[in-house]
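Chemist: Starting from these lines, generate the structure:
(chains A and B)
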Amino acid sequence: DGGITQSPKYLFRKEGQNVTLSCEQNLNHDAMYWYRQDPGQGLRLIYYSQIVNDFQKGDIAEGYSVSREKKESFPLTVTSAQKNPTAFYLCASRRPGRGNTEAFFGQGTRLTVV
Amino acid sequence: KQEVTQIPAALSVPEGENLVLNCSFTDSAIYNLQWFRQDPGKGLTSLLLIQSSQREQTSGRLNASLDKSSGRSTLYIAASQPGDSATYLCAVHFGNEKLTFGTGTRLTIIP
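Modeler: Here you go, the predicted structure:
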């Protein structure tokens, strides 16, 4: 089935560790996105990529890094510089453009600092 | 600043009633608007996308409208069911490559 796969579903991080969240899509979409969701808040954009080997910072990029070496993959690394990483992370993809550019989301990764 | 607002934050209605969820946005120069559903602990499921040239879209019991001039969209749910209980999110594509989200309306359908 076509879609977006995020892994793992749950992730635990110790203080000072870097962790990487996986996002893979087989929808042949050029644009991919990472969002963070905190309780009672909307989704906030961390990073996005419109094409392979290119990506831009979103509204809350500090403490995060990404890569886009393949069209279907957009991993997110939460570094030790991110002081409050406990949150629900969501990955999305869509075709770029102005019209019928429906976005699709994965099932999310819940990251907890222990 | 481009912002999306959803009011109320929570809504409870008896089963069988029709209901309307609201979304407002600050900039009328949008490309499209998308409604999502989110169940607790899950990702977002796309419900409807309305392009800027359209005024409404329908899917089953759902109907979404768009009024760019007033910066508003509504999601109408007919004959509500307990399975409709979820958080509903509105997202606007403002003409860059970002999707800007509202904070959502948590809907509870009372059996």
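
Chemist: Backbone torsions only: list them for residue 75.
Modeler: With no chain named, the answer covers chain A. When quoted as degrees, to the nearest 10, the phi and psi of A:Pro75 stand at phi -70, psi 150.

Chemist: other chain: chain B
Modeler: Main-chain torsions, B:Leu75, degrees, to the nearest 10: phi -120, psi 120.

Chemist: With B:Pro82 instead?
Modeler: The phi/psi pair for B:Pro82 (degrees, to the nearest 10) is phi -60, psi -30.

Chemist: if I read this right, it contacts B:Glu15, doesn't it?
Modeler: Yes - counting by Cβ atoms under 8 Å, a contact exists between B:Pro82 and B:Glu15, whose distance comes to 6.1 Å. C-betas here are computed from N, CA, C, even on glycine.

Chemist: quick one: which of the two has more around it?
Modeler: Taking neighbours as other Cβ atoms under 10 Å in any protein chain shown, B:Pro82 and B:Glu15 compare with B:Glu15 leading, 14 against 10.

Chemist: Please report phi then psi for the more buried one.
Modeler: In terms of degrees, to the nearest 10, the main-chain angles of B:Glu15 are phi -60, psi 140.

Chemist: Could you tell me which residues of chain B lie near chain A?
Modeler: Within reach of chain A by Cβ under 8 Å from any Cβ of the partner chain, chain B has these residues: B:4, B:31-32, B:34, B:36, B:41-46, B:49, B:51-53, B:89, B:91, B:93, B:95, B:97-99, B:101-104.

Chemist: Neighbouring strands of the helix or strand bottoming out on mean pLDDT in chain B in the sheet, and parallel or not?
Modeler: Each helix and strand of chain B was given a mean pLDDT (mean pLDDT, DSSP states H and E); the minimum falls on strand B:99-101 at a mean of 91. Sheet partners assigned to strand B:99-101 using DSSP bridges are listed as strand B:86-93 (antiparallel).
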